[in-house]
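Colleague: Fold the following, please.
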Amino acid sequence: MIRTAFGGTSTKPIRSISSPEVVQNDGPNGFASYPLGQYANKDKQSGDPYAVDETDHNLSYTMGVMAVETVIGQTFSKDLAGQWGKALGNYSIWANTALIWGVGTNLHRTAYNARNHEYYSEDPMLTAYQAASSVRQARKYGCILAPKHFAFNDTEINRTGIAVFMTEQKAREGELRANQSIVEDAGALGMMTGFNRIGVVAVNAHTGLLMN
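Modeller: Got it, this is the predicted structure:
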């Protein structure tokens, strides 16, 4: 089954398939959109072991302070990337936020390439192994750590609708390889598409990219 989620605060419920509302957050440097207490369960009588006290002074804490992927990439450490994923996963339980958009998996193709500080490197294998480590560890806490922006998001200026052209070999040896292990090996359960086009076809309508 494929669940298409529009951006914003949460995915909306689909009752006919028992798909509940899922609160989401954004940012490859942590939970950047809203503080811990905004969606945390404050009902201590609910039996939820992760319910927080409504007077907890940490409720205003925002976890948008994690090292960005570029810094993690420079370590070449899958273990450290895994620890990063564990930290996000653990926090997601307390924050009652099951989905976070980020790890960033676009490549550093040019110096002007989108938000390079959110992406690991220019190397697809380094990106794949480190991102997969983070996604795999976050899943142990029930957190969907979703890669973005799939794929070929080459610029942040006028990124909506810009057409990116390449050969299939270039696509497969670059960003597709960077994302393949994250899905096939780490079992990523979410993916944020780009806003660009591949050739003349919008990414979010590209059958080859999204279905094949």
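
Colleague: how near is Ala128 to Asn179?
Modeller: 7 Å (CB to CB, to the nearest Å). From N, CA and C alone the C-beta is placed, and that goes for glycine too.

Colleague: quick one, what contacts Gln130?
Modeller: Going by CB atoms under 8 Å, 6 or more residues apart in numbering, Gln130 touches 69, 72-73, 77-78, 81, 120.

Colleague: what comes up buried for the strand or helix carrying it?
Modeller: Here Gln130, judged by DSSP states H and E, is contained in helix 124-139. For helix 124-139, burial by neighbour count (16 or more other CB atoms under 10 Å) applies to 124, 126-139.

Colleague: pLDDT (mean, whole number) over that helix?
Modeller: Per-residue pLDDT values over helix 124-139 give a mean of 96.

Colleague: With stretch 97-111 instead?
Modeller: pLDDT averaged over stretch 97-111 gives 87.

Colleague: For it, C-alpha coordinates in CSV please.
Modeller: What follows is stretch 97-111, C-alpha atoms only, in CSV (Å, rounded to 0.1, in the frame of the first residue of the first chain):
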residue,chain,number,x,y,z
THR,A,97,5.7,12.6,16.6
ALA,A,98,6.0,9.5,14.5
LEU,A,99,7.3,11.0,11.2
ILE,A,100,10.2,13.3,10.5
TRP,A,101,11.1,14.6,7.0
GLY,A,102,14.9,14.3,6.9
VAL,A,103,17.5,12.6,6.3
GLY,A,104,18.6,14.7,3.4
THR,A,105,19.9,12.6,0.6
ASN,A,106,20.4,14.9,-2.3
LEU,A,107,24.1,15.0,-3.4
HIS,A,108,26.4,18.0,-3.4
ARG,A,109,26.4,18.4,-7.2
THR,A,110,27.3,22.0,-7.3
ALA,A,111,28.1,24.7,-4.7
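
Colleague: Now do the helix or strand of the chain with the lowest mean pLDDT: distance to the chain's middle.
Modeller: Of all helical and strand segments in the chain, the minimum by mean pLDDT, DSSP states H and E falls on strand 10-11, at a mean of 74. Once both centres are worked out by CA atoms, centre = their mean, to the nearest Å, strand 10-11 turns out to sit 14 Å from its chain's centre.

Colleague: what do you get for stretch 201-212?
Modeller: Worked out by CA atoms, centre = their mean, stretch 201-212 lies 18 Å from the chain centre.

Colleague: Contacts only, for Asp53.
Modeller: Here Asp53 is in contact with 42, 44 (CB under 8 Å, 6+ apart).

Colleague: and it, which of the three is it?
Modeller: coil (DSSP: H, G, I helix; E, B strand; the rest coil).

Colleague: Could you check the pLDDT of it?
Modeller: For Asp53, pLDDT reads 91.
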